[in-house]
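Enquirer: Using only what follows, build the 3D model:
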Amino acid sequence: MSVSSWEPDPTGRHQYRWFDGEQWTDQVADDGVQSVDPITPGEADLPREAPPLPPPPPGSVPGVPMPQPGSETPDPLSMLASRKRRLGARLLEIPLAIVTLGIGYLIWSLIVFARGQTPAKQLLRMRVVRLEERRNAHWGWMALRELVLLGAIGTFLDLIFLGLSLLWILANGVSLLASNRKQALWDMMLKTVVVHDPDYHFDRSRRSRNRTSG
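Expert: Reported below is the predicted structural model:
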């Protein structure tokens, strides 16, 4: 008895069609998206041929969504924002707060915190990502990072960290700031990193809208 599986569509109308072990069915798939295309009795008995294309991922069956192209979450450590970009974002926060009269900046921040961003990070396509979960930091983490750690004690920590770095440079010629993860102290405490995410890899809602509109 033949094994049921996704096979290249013998009618040529789609990329794949589900073979149930005995005949072809009306379940089809194109670019990872399943749909239904009725098949005639004659087409249902078409012979199976050697697949010219790689089959869908194992375990894909009708009724279970197939993985969307580009849906894999990349390694955030491969997308780290440069120190210059991070410094630019931090400096940009000041004129943004002034232009929006403070209250506008606060409201803007509360909205984009849910996507792991600040107003400046949003404009520069940057995002704070939780390393353990490989997803953007949500509202609570961002509020803790920006309002408590960075806002309340960030300046103090910066001065201490800079002083330690200068001492280390004088003693060893190596900067403490040269972390391979480019983390500030608050990022080390929260196990987060800042990535440059121009293609919205860590914004699931935006990627869903892009696929729908496409």
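Enquirer: quick one: low-confidence parts of the protein?
Expert: 1-2, 49-73, 150-180, 204-214 (pLDDT under 70).
Enquirer: Helices of this structure, start to end?
Expert: Applying DSSP state H to the chain gives helices spanning 41-44, 83-99, 103-112, 119-123, 139-143, 151-172, 185-190, 204-213.
Enquirer: Which elements pack onto the fifth one?
Expert: Spelled out, that is helix 139-143. In terms of contacts (3 or more CB pairs under 8 Å, 6 or more residues apart in numbering; DSSP states H and E), helix 139-143 is packed against strand 126-130. For the C-beta atoms, the positions are set from N, CA and C on the backbone; glycine is no exception.
Enquirer: partners of the strand it packs on in the sheet?
Expert: strand 135-136 (antiparallel), strand 192-196 (antiparallel) (DSSP bridges).
Enquirer: Figure out which of those strands is closest to Met126.
Expert: The closest of the strands paired with strand 126-130 to Met126 is strand 192-196. By CB to CB, the value is 5.7 Å.
Enquirer: what does stretch 97-106 rub up against?
Expert: Glu93, Leu96, Trp108, Pro119 (CB atoms under 8 Å, 6 or more residues apart in numbering).
Enquirer: let's go with 10 Å and repeat that
Expert: By CB atoms under 10 Å, 6 or more residues apart in numbering, the surrounding residues in contact with stretch 97-106 are Glu93, Ile94, Leu96, Ile107, Trp108, Ser109, Thr118, Pro119, Ala120, Leu147.
Enquirer: Buried residues in it, which are they?
Expert: Of all the residues in stretch 97-106, those buried under the rule 16 or more other CB atoms under 10 Å are Ala97, Tyr105.
Enquirer: now swap in stretch 119-132 and tell me
Expert: Pro119, Ala120, Lys121, Gln122, Leu124, Met126, Arg127, Val128, Val129, Arg130, Leu131.
Enquirer: so the third one touches Glu93, yeah?
Expert: Yes: counting by CB atoms under 10 Å, Lys121 does reach Glu93; the two are 8.8 Å apart.
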